[in-house]
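Asks: When you get a sec, could you give me coordinates for this:
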Amino acid sequence: MHGPFRAVKITDHVYWVGAIDWGIRNFHGYATSRGTTYNAYLILADKLTLIDTVKAPFKDEMLARIASVIKPADINYIISTTARVGGDSNISRTAVFPEEIGDLSPFEGNIALLFGCEPAGLSNEEIGFSDLIVTIPCSPGYSSMNLSSAAAIMLYFISRKLKLAQGIQFPM
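Replies: Next comes the predicted model:
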């Protein structure tokens with residue numbers, strides 16, 4: 001599984017572990033003559049965090065990149081974000097808002113964040129792997145958020161929760 005796929009170091013604590021789809025020519029309505037990437041990031045901190053995932057045909061590529069840095073099995077929690085809320089598309093659990101993460105029991109161990117592609121979100125199967133589902137409110141006209149914006153919001157609220165648990169003030 002390791003093959004030629006290695007994580008790309010961005011900083012001492014952040015690695016790109018996504019995949020490259022050279023064959024795609026239409027990415028959610030946008031023409032792309034050189035393919036696209038499915039961006040996933042591994043954050044090395046007190047809690048290991050995986051942000052995003054890739055489409056199923058590229059899962060081995062992503063897992064190999066993760067395995068070049070840590071053991072994928074070392075991740076304890078998976079948190080999914082989706083524009084869909086409980087009751088939509090057969091989602092079995094009700095989603096919470098990012099600010100409600102602080103009201104939940106403390107996270108222990110490693111954390112993974114899964115984000116779906118911008119217009120479609122995660123599949124029900126991907127959501128089924130999750131311990132917690134979070135939704136970020138958006139415009140009713142376009143219920144999905146840009147992935148990098150969603151990642152930034154989630155990292156902020158998780159960082160805030162961890163800092164508050166240590167007694168460090170963190171702005172809302």
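Asks: So which bits of stretch 158-169 are buried?
Replies: Neighbour-count burial for stretch 158-169 flags Ile158, Arg160, Lys161, Leu162 (criterion: 16 or more other C-beta atoms under 10 Å). Heads up, the C-betas are built off the backbone N, CA and C, glycines and all.
Asks: Looking at these, which are in helices?
Replies: Among these, the ones falling in helices (DSSP state H) are Ile158, Arg160, Lys161, Leu162.
Asks: sorry, back to before: closest to Ala150 among the buried residues of stretch 158-169?
Replies: Minimum distance to Ala150 across the buried residues of stretch 158-169 is 12.5 Å, recorded for Ile158 (C-beta to C-beta).
Asks: Can you get me a residue count around Arg34?
Replies: By other C-beta atoms under 10 Å, the residues close to Arg34 number 8.
Asks: where does it land in three-state SS?
Replies: Put simply, Arg34 is coil when judged by DSSP: H, G, I helix; E, B strand; the rest coil.
Asks: quick revisit: in TSV: the buried residues of stretch 158-169, plus pLDDT.
Replies: Output for the buried residues of stretch 158-169, formatted as TSV (pLDDT from 0 to 100):
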residue	pLDDT
Ile158	77
Arg160	77
Lys161	77
Leu162	74
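Asks: Make CSV out of the residues you listed and add distance to Glu125.
Replies: What follows is the buried residues of stretch 158-169, written out as CSV (distance: C-beta to C-beta, whole Å):
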residue, distance to Glu125
Ile158, 24
Arg160, 30
Lys161, 28
Leu162, 29
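Asks: contacting residues for Leu44?
Replies: Neighbour list for Leu44: Asp12, His13, Val14, Tyr15, Val69, Ile70 [criterion: C-beta atoms under 8 Å, 6 or more residues apart in numbering].
Asks: next one: phi and psi at the spatially closest residue to the first one that is not a sequence neighbour?
Replies: Nearest residue to Asp12, sequence neighbours excluded (C-beta to C-beta, 6 or more residues apart in numbering): Leu44, at 7.8 Å. Here is the backbone geometry of Leu44 (degrees, to the nearest 10): phi -100, psi 110.
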